[in-house]
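> from the sequence below, what's the structure:
(2 chains)
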Amino acid sequence: MSSALVFEVIKNEIMDIVGYDDVTVQEAERIAYALDSYLVPQIWLDKGLAPPKPDWIVFPESADEISRLLKLASRHRIPVIPYGGGTGSQGGTVPLYGGMLLDLKKMNRIIKIDEQSLTVTAEAGVNGQHLEWSVNKKGLTMAHYPASGYGATLGGYLAARGSGTLSTKYGKAEDMVLNLEIVLPSGERIRTLPVPHHACGPGLLQVFVGSEGTLGIITEVTIRLDPLPEERRWRAYLFDDIRKGLEAGRTIMTKRLRPCTIRLYDENSTQRIVKRVLDLNVAGSYMVIGSDGSKESVDLEMRTIHEICTHLGGEDLGPELGEHWWKHRYNFYFPPLTLMLPQMFGTIETTATFDRIYDIYVAKKRVIEEEFKDWAATYIAHFSHWFPWGVMVYDRFIIDRPPQDPHEALQLHTEIWGKAARTSLQHGGILNDHHGIGFKLGWLMPEQYGPAWPVLQGIKDLLDPLGIMNPGKLGFARR
Amino acid sequence: MFLSTEERAETIWACRFCMMCHCADRTAQLVRRESYTPRGRGAILCAIDQGLLEFDDTVADIMYTTLNDGLLHECCVGNYDHEELVLDTRAKIFQRGLAPEEVVRFVEGLRGSHGRGPNPEELLSQRGVETESKADILLFCGCTTRESQAATIVTMGKLFNQAGIKFQVLSKEPCCGWPLYQLGDLDGAREFSRNVAKEIKATGASTVAVLDADCYRMLLTRNARLGGDLKGIKIVHITSLLADWIQAGRIEITKRISDPVTYHDPCALARYCEEVDSPRRILAAILEGEVKEMERNRKLANCCGAGGMLAVHRPDLSNEVALLRLEEARATGASILATGCPRCDTTFARAMNPDREKGLRIMNLVNLVGVAAGVQFPSPSA
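Reported below is the predicted structural model:
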């Protein structure tokens, strides 16, 4: 049989499962689904290079349909790429080897809002912002506010271990999840235990959280909710030295205060990005802190935070600037204020313990600014997601005039990423905090995990022996 | 259409990788396909510009499955005009002969008739409304109003009479061209715009009071750009007239309305023409209680489903959008859904399931004022 005929045979089998209207092979749609928020496919499109496209785009409406589709994919050894909102920045949904892309947005039912336990159960394809609005009507919140929330899905939040603006208090998505339903590559449907904390052996839940569609497809999620806070207050400070700002943040966290947000911009970021987005012209390290909860708890927390910040030399810029930042918090990530083509840029983030993070910051700044000075590379950073033991540095490289030739651009991009990521690893950091791995960083995963990598590869080989699930992602070998 | 080459390129550059406005796109929410989102459309247009794709039936379907209600613009950090990009693209598709069949049929039908619905002069005269052959104010009804909301025209006429304001109507009122503009027939939109401007100018009126919000927007903001000449003529929406008349005591409110009322802001009026106050001034004067505002109101109001002439290409989706808005209206507890546009009335009425929407009546603001002012209210033609 010719490949065109095989293509038709498979399409007919897909239609038998989902119906005529829920599969498309139209060229325009294949292009639309070839991209996520990763720079490289964007460069391809921008330069007129055809990005890798899915062969079939399918819109399942149930876990049962997904199960049958995965069995079909196994039979024909077709790659399967689960797709939520396509808002990932790591190429996680880019169909590198073609195949069947499953857009889960038709699976968007909110199944139950449990007002006693403060949880919500929903299908994985529900839009994150719509879900948030739905629970808000009951006086509740997911308290998960990523910049991608307007486009991302609940399943996507978990598949990439996402994080939001309030994560310092409320945690990342991986901290909020209670349980999942997953369809395995074999087509079998499984559920993790009803609660995430137990003494029933290793955690099956966290095997699938962050798996980016390589181990199965998340179809249903139960996630924790919180009451909408009585108050949420903001304040801004300015430090003359990033180290003082870092020390302020560390002190706040290690004293076990629980602000909802600490956002600390380094000098470059303050001058270049904060100025542009918030129209604020100050020199130094700009910090925004938020606290939410009852009025009394916010009073106490903000008072204590204020004492810590001012004791360490932070100039009090007042609550209005803090509020201003909160109102415009997403403006940093959308046109025209975000970094965009033709610039070349990347978020080379990492997370580390407090004793290491400043050294990582300094080392990466040096690597970018010195080793790529021929390209006038700039390094900017802010510290955005704080933990009881450390903090994430959301650092970025920017090249305003990258090579025009896309192949040269890709080569430079890979070189910068390699050096930046390896610098993180060498200084006790990790490859990524909350954007995921995709195919952008997959090539570095074995290096990161070292001798532990075969454990993860072994799980992949066991669950997906035919290698159909999102091949080329997370660094898993393609079978 | 009205984007320069640079503006078009910049809008595509911005939209192709951005998802900031996705939650505001009702058709995208209902279709649930990435290709039907603003980002998907932007990426497709970029691919066409790059020679990776060509205009075809699928692209046409995607570009005609939009509401163009301006809500995306409200959510856009960069104020990129995605709606204008869609209209520009529809014009290109139409020109290439690739517009969906039903769109072509609709356009051909409209161009052949130059306007639909009965003669407003006759209609008003039959109902005992006094009009003038020449007056400073011309009441422009619009095709949708003439076709399916005759009661609203008659009530508006009676309110003119009660207010003691002389007015005239066009005996053969032409279409303002809005449907053609939305559907991508740029030549037709230009022809209609020139024609309607000519007819209006010939009346000698100094003010045009417009019943339909889309006609209002078209005459106010697009007619000149499409070659019409309405220089020196003031274009107003009837809600601002009614609000002023009530305030000035020209219309006497004899019986305030006791039913709970919510108000739907038409997109064209609220977002494009920034008129959200006059309807509320009217309601404050004619209701016993306060307006029960929907969660999404004023400039953030969701569309009724008529936007972008969606009902021509996808009547099913248009109905679904209407049903979502009706659900929002029901959630307020109101028993009357007042609207500022007869096109919204028609769209809601068409979508309504009488059993599900029991207890919710659709009433144009004009008719609500008519009731409050004791003007005989003819049976509505839904």
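> how distant is stretch A:415-430 from the center of its chain?
Distance, stretch centre to chain centre, for stretch A:415-430: 18 Å (CA atoms, centre = their mean, to the nearest Å).
> what's the spacing between B:Tyr36 and chain A?
Going from B:Tyr36 to chain A by CB to the nearest CB, to the nearest Å gives 9 Å. From N, CA and C alone the C-beta is placed, and that goes for glycine too.
> that residue reaches B:Thr27, doesn't it?
Yes - assessed by CB atoms under 8 Å, B:Tyr36 is found in contact with B:Thr27 at 6.5 Å.
> please enumerate the shared neighbours of those two.
B:Thr65 (CB atoms under 8 Å, 6 or more residues apart in numbering or on different chains).
> where along the stretch 51-200 of chain B do the strands fall?
B:137-140, B:167-168 (DSSP state E, counting those that start in this stretch).
> now do the SS call for B:Pro354.
Per DSSP: H, G, I helix; E, B strand; the rest coil, the secondary structure class of B:Pro354 is coil.
> in a strand, that's where A:Leu102 is, yeah?
Yes - according to three-state DSSP, A:Leu102 belongs to a strand.
> who touches it in this structure?
A:Val58, A:Phe59, A:Pro60, A:Ile66, A:Leu69, A:Val80, A:Ile81, A:Pro82, A:Tyr83, A:Ile217.
> could you redo the last one with a cut-off of 7 Å?
A:Val58, A:Pro60, A:Ile66, A:Leu69, A:Val80, A:Pro82, A:Tyr83, A:Ile217 (CB atoms under 7 Å, 6 or more residues apart in numbering or on different chains).
> list just the nearest of the residues you listed to B:Ala243.
Comparing the contacts of A:Leu102 against B:Ala243 with CB to CB picks out A:Tyr83 as the nearest, at 49.2 Å.
> run a quick neighbour tally on that closest one.
Per other CB atoms under 10 Å in any protein chain shown, the neighbour tally for A:Tyr83 reads 27.
> burial of whichever residue of the stretch 1-150 of chain B sits closest to chain A, as a residue count?
Closest contact between the stretch 1-150 of chain B and chain A, by CB to the nearest CB, is at B:Met19 (3.0 Å). Neighbourhood size, B:Met19 [other CB under 10 Å]: 25.
> chain neighbours aside, what residue packs nearest to it?
A:Gly151 (3.0 Å; CB to CB, 6 or more residues apart in numbering or on different chains).
> I figured the one you found hits B:His22, correct?
Yes - A:Gly151 lies in contact with B:His22 (CB atoms under 7 Å); the separation is 4.6 Å.
> just to revisit the earlier point, reformat the strands of the stretch 51-200 of chain B as a markdown table; add mean neighbour count and distance to chain A.
Putting the strands of the stretch 51-200 of chain B into a markdown table (neighbours: other CB atoms under 10 Å in any protein chain shown; distance: least, CB to the nearest CB, whole Å) gives the following:
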| stretch | mean neighbour count | distance to chain A |
| --- | --- | --- |
| strand B:137-140 | 24 | 39 |
| strand B:167-168 | 21 | 45 |
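> how about these in CSV, adding mean pLDDT?
CSV is the format used below for these (pLDDT from 0 to 100):
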stretch, mean pLDDT
strand B:137-140, 98
strand B:167-168, 98
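> in the helix or strand of chain A with the lowest mean pLDDT, what counts as buried?
Lowest mean confidence among the helices and strands of chain A (mean pLDDT, DSSP states H and E): helix A:275-278, at a mean of 90. For helix A:275-278, burial by neighbour count (16 or more other CB atoms under 10 Å in any protein chain shown) applies to A:Val277, A:Leu278.
> helices or strands up against the helix or strand just after it?
As assigned by DSSP states H and E, the chain's next helix or strand after helix A:275-278 is strand A:285-293. Helices and strands touching strand A:285-293, by 3 or more CB pairs under 7 Å, 6 or more residues apart in numbering or on different chains; DSSP states H and E, are strand A:231-239, helix A:242-254, strand A:261-265, helix A:295-311, helix A:319-327.
> export strand A:285-293 to CSV, keeping only CA atoms.
The C-alpha trace of strand A:285-293 is given here as CSV (Å, rounded to 0.1, in the frame of the first residue of the first chain):
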residue,chain,number,x,y,z
SER,A,285,16.6,45.9,42.3
TYR,A,286,12.9,46.3,42.3
MET,A,287,10.9,44.1,44.5
VAL,A,288,7.1,43.5,44.8
ILE,A,289,5.6,41.6,47.7
GLY,A,290,2.1,40.4,48.1
SER,A,291,0.2,39.0,51.1
ASP,A,292,-3.3,37.6,51.2
GLY,A,293,-5.7,36.2,53.7
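> who does it pair up with?
Applying DSSP bridges to the sheet, strand A:285-293 is found paired with strand A:231-239 (antiparallel), strand A:261-265 (antiparallel).
> so which of those is the most surrounded?
Counting by mean count of other CB atoms under 10 Å in any protein chain shown, strand A:261-265 has the highest mean neighbour count of the strands paired with strand A:285-293, with a mean of 26.
> how about residues contacting that one?
A:165-166, A:168, A:245-246, A:249, A:252, A:274, A:285-290, A:382-384, A:386.
> go with 8 Å
Outside strand A:261-265, the residues touching it (CB under 8 Å, 6+ apart) are A:165-166, A:168-169, A:239, A:242, A:245-246, A:248-249, A:252-253, A:273-274, A:285-290, A:325-326, A:381-384, A:386.
> who's B:Val210 bridged to?
Beta-bridge partners for B:Val210, by DSSP bridges, are B:Phe140, B:His237.
> ok, for A:Glu123, nearest residue in space, not its chain neighbours?
A:Met107 (4.0 Å).
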